[in-house]
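J.: here's a sequence, model it:
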Amino acid sequence: MQDKISQFLFTAHNQYKTAVKPLLSSVKWLADAVIEINGLFIDSKVYLRSHLISIVANDSKDGLVNNVFDSSTGALGVPFENQLPESLIQTEEPTGLLKYLEQLKDGKL
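T.: Below you'll find the predicted structure:
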């Protein structure tokens, strides 16, 4: 997790030329917080009573979602979680996400 967060922070810093460079010492604490928050969410079992949709980075091309957040990092990996590739939400009308949600509402998924 620390490697992925480091990649994300430093890639974003280099890409967007942010004024403040991320501190390497903060990565451990941030990784610990992400793991704790995700664990608390999973322990709450909210995903059993709702539809959990995770939008993950495209496998082959760059997009709006940073490539660090692939299907293994950008998703929780719990039952009933729907992982959608970013390319699905970047389509023309109706958007892929809206179309997916309509199918979900109509019970087709």
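J.: please pull up the helix or strand immediately following the lowest-mean-pLDDT helix or strand in the chain.
T.: Across the helices and strands of the chain, the lowest-confidence element by mean pLDDT, DSSP states H and E is helix 86-89, at a mean of 72. Using DSSP states H and E, the helix or strand that follows helix 86-89 in sequence is helix 96-105.
J.: what helices and strands are in contact with that following helix?
T.: Helices and strands touching helix 96-105, by 3 or more CB pairs under 8 Å, 6 or more residues apart in numbering; DSSP states H and E, are strand 52-56, strand 81-85, helix 86-89. Any C-beta I mention is one placed from the backbone N, CA and C, and that applies to glycine too.
J.: rerun at 6 Å
T.: Contact here means 3 or more CB pairs under 6 Å, 6 or more residues apart in numbering; DSSP states H and E; on that basis helix 96-105 packs against helix 86-89.
J.: helix, strand or coil for Gly74?
T.: coil (DSSP: H, G, I helix; E, B strand; the rest coil).
J.: where's it relative to Leu9, distance?
T.: 15 Å (CB to CB, to the nearest Å).
J.: also Asp43?
T.: Using CB to CB, we find Asp43 at a distance of 27 Å from Leu9.
J.: neighbour count winner among the two?
T.: Leu9 (20 against 8; other CB atoms under 10 Å).
J.: list the residues that contact the more buried one.
T.: Pro22 (CB atoms under 6 Å, 6 or more residues apart in numbering).
J.: with Ser87 instead?
T.: Asn58.
J.: and the pLDDT at the most centrally placed residue in the chain?
T.: By CA atoms, centre = their mean, the chain has its centre lying nearest to Gly74, at 3.4 Å. You'll see Gly74 listed with a pLDDT of 75.
J.: this completes my enquiry, with thanks.
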